[in-house]
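**Q** Take this sequence and fold it.
(one chain, ligands or ions: 1)
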Amino acid sequence: MRAWQLEDFGLDNLRLAERPTPRPKRGEILVKVSAVSLNYRDKAIVDGVYDPEKMPKYLIPVNDAAGVVAEVGPGVTEWQVGDRVLSHFYSHWLDGAPARDEPDWQLGGPLDGGLAEYMILEAKSAVPTPANLTDEQASTLPIAALTAWFALVEYGKLQPGESVLVQGTGGVSLFSVQIATALGARVVATSSSDEKLRRVAALGASDLINYRTTPNWADHVLDLTNGRGVDHVVEVVAGEGLNQSVRATKAAGHIALVGFLGGQTAPLNVMPLLYSQVAIRGIAVGHRRAFLEMNRWIEQQHLEPVIDSVFSFEESRRAYERLEQGPFGKIVIRVGD
Ligand SMILES: NC(=O)c1ccc[n+]([C@@H]2O[C@H](COP(=O)([O-])OP(=O)(O)OC[C@H]3O[C@@H](n4cnc5c(N)ncnc54)[C@H](OP(=O)(O)O)[C@@H]3O)[C@@H](O)[C@H]2O)c1
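**A** Residues are numbered from 1 along each chain as shown. Reported below is the predicted structural model:
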């Protein structure tokens, strides 16, 4: 099969190669990959800033994959050849609290991912594709959509009429806007671009803040909410900005700590957090049970992911470059026919 492999860190070292097509062992399925989508982590892995010591040489990158079952291994009863299937990022986290070693089983690094014509998935881990979506659309769900769902629904227990702050217009944030809007929440969105704010309003955000021209955006959020603050923040930035998020959240509200676009450490002012009793909860995408529940909901809602652009398999490196340019929507790579 043809596969992109990371021969060393740096995008120039992501190279198209011929590799033996893997055969499914007991409990595994072989998936003919139709499409993959990129997340921030995929670029961070290539750049060598995401757990570099854990990434094997010749890694096949990218978790998010949609495809069709091509072969089932011995003992597999859950799947048949021809079934449509998605990868599940924390491939061993099926339900309940995460085990300590969950990161060892992440697809797309440290385990091989889907930027190849075929990939192996564990039968108990793979997830059926929502019937209302094409493989290109569905390939955007495994990380960005499930993270938004886990933050807002599984942990956040979001209720109609509550308010949600989303930061920037990246993959997790756009799914957060779509999910929160469909659940009847009020969405406050930030972006560095007025043009992107107009587009995020079309997805359902009712309150818009340009964080470049309004650097003290937390004050603006307080103005919008009569001094109370929002019920939920989907925090994709962290760093220094985490203190503004605490300020922008209502007393005993909920910050889902998802990302680190502003830095992997955060100098937190302790006293405001104590007084406001805001809960900051780490998010690690989500478990398979939530993925199944989200997909059923996506089918009922006819929710369609926002896609910025679709690249061919041969253009994969250009897809990574597009990710760096601040797209509006997910970047998809078409792999199969
Ligand atoms: N913990 C988890 O389970 C999990 C899961 C998924 C992602 N993540 C993390 O979450 C973060 C976002 O991931 P993603 O895939 O959604 O990223 P992405 O699609 O690459 O998002 C990029 C966008 O983020 C916005 N942004 C960048 N810096 C910002 C800042 N200082 N303030 C506000 N917005 C800013 C920009 O939006 P504008 O152009 O509109 O300004 C930019 O276009 C990353 O750190 C990623 O590693 C974590």
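**Q** Would you mind giving me the confidence score for Gly263?
**A** The pLDDT attached to Gly263 in the predicted structure is 88.
**Q** Get me the contact residues on this structure for the ligand.
**A** Taking Cβ under 6 Å from any ligand atom as the criterion, the chain approaches the ligand at residues 39-41, 143-144, 147, 167-173, 190-193, 196, 211, 236-237, 258-262, 283-285, 326. For glycine as for every other residue, the C-beta is placed from the backbone atoms N, C-alpha and C.
**Q** Now the lengthiest helix in the chain: buried residues?
**A** Criterion DSSP state H: the longest helix present in the chain is helix 288-301. Using 16 or more other Cβ atoms under 10 Å as the burial criterion, the residues of helix 288-301 that qualify are 288, 290-291, 294-295, 297-298.
**Q** likewise stretch 242-249?
**A** 242-249.
**Q** In helices only, show me those.
**A** Per DSSP H, the buried residues of stretch 242-249 map to helices at 242-248.
**Q** could those go into JSON lines alongside pLDDT?
**A** Conversion of these to JSON lines gives the following (pLDDT from 0 to 100):
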{"residue": "Leu242", "pLDDT": "97"}
{"residue": "Asn243", "pLDDT": "97"}
{"residue": "Gln244", "pLDDT": "97"}
{"residue": "Ser245", "pLDDT": "98"}
{"residue": "Val246", "pLDDT": "98"}
{"residue": "Arg247", "pLDDT": "98"}
{"residue": "Ala248", "pLDDT": "98"}
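**Q** For the residue nearest to the spatial centre of the chain, which three-state class applies?
**A** In the chain, the C-alpha nearest the mean C-alpha coordinate belongs to Ala144, at 1.8 Å (Cα atoms, centre = their mean). In terms of secondary structure, Ala144 is helix; the call rests on DSSP: H, G, I helix; E, B strand; the rest coil.
**Q** Return the residues in contact with it.
**A** Contacts for Ala144 were tallied using Cβ atoms under 8 Å, 6 or more residues apart in numbering; they are 37, 39, 64, 170-172, 174-175, 330.
**Q** do that again at 10 Å, thanks
**A** When contacts are counted by Cβ atoms under 10 Å, 6 or more residues apart in numbering, Ala144 touches 37-40, 64, 170-176, 258, 285, 305, 330.
**Q** Next step: these restricted to strands.
**A** Counting by DSSP state E, those place 37, 330 in strands.
**Q** Out of the contacts of Ala144, give me the one that has the most neighbours.
**A** Counting by other Cβ atoms under 10 Å, Ser176 has the largest number of neighbours within the contacts of Ala144, with 34 neighbours.
**Q** Which pLDDT value belongs to it?
**A** Among the per-residue scores, Ser176 holds a pLDDT of 98.
**Q** what does the one 5 residues further on give?
**A** The pLDDT attached to Thr181 in the predicted structure is 98.
**Q** mind checking which helix or strand it is in?
**A** Element membership of Thr181, judged by DSSP states H and E, is helix 171-182.
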